[in-house]
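Undergrad: have a look; sequence and predicted model below, questions after that.
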Amino acid sequence: MSESRIERIKRMESILDEANQVLDDYQEALDKLQGMQKKIGQLEAYYTGGQWQKDYEYDEKGKLPADLKRGVLSQDAVDDVLDRNREILSQTGIDDKLLN
């Protein structure tokens with residue numbers, strides 16, 4: 001039995017609604033990412049500018065509080081965020097130089 005006109009319209013309406021929601025969510029996430037570029041630039045400057053190394057060495061000497069969250073002192077964590085940011089910007093066609 002073939003799909004009725006009403007069933008088809010309802011199915012297409014559902015697809016339309018779902019597509020609009022996904023596109024809205026994507027646009028919202030993209031706007032947030034664009035808004036984060038200045039802060040990501042600050043993270044990159046911290047990491048590449050020498051201050052990260054000093055903080056890392058200070059931590060290695062046990063001079064930071066034990067309960068201090070220190071994920072930023074993990075080289076892999078920072079590298080991963082910077083790489084992911086570049087990859088996503090590249091995939092979306094956004095020039096990160098224009099955002100900083």
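TA: On my side now, so go ahead. Numbers count the residues shown, from 1 in each chain.

Undergrad: distance of residue 66 relative to residue 59?
TA: Residue 66 sits 11 Å away from residue 59, going by CB to CB, to the nearest Å. Where you see a C-beta, it was placed from the backbone N, CA and C, and this is true even at glycine.

Undergrad: so between these two, which is more surrounded?
TA: Legend: neighbour count by other CB atoms under 10 Å for residue 66 and residue 59, higher for residue 59 (13 against 6).

Undergrad: ok, and what's touching whichever strand or helix holds that one?
TA: If you go by DSSP states H and E, residue 59 is part of helix 51-60. Outside of helix 51-60, the residues within contact range by CB atoms under 8 Å, 6 or more residues apart in numbering are 46, 64, 70, 72, 73, 75, 78.

Undergrad: so residue 68, which of the three states?
TA: Under DSSP: H, G, I helix; E, B strand; the rest coil, residue 68 falls in the coil class.

Undergrad: what about it, how many residues close to it?
TA: By other CB under 10 Å, 8 other residues sit near residue 68.

Undergrad: re the thing from before, buried ones in the helix holding residue 59?
TA: Buried residues in helix 51-60, counted by 16 or more other CB atoms under 10 Å: 52, 55, 56.

Undergrad: any idea how far the second one is from residue 70?
TA: If I follow you right, that is residue 55. Distance from residue 55 to residue 70, by CB to CB: 9 Å.
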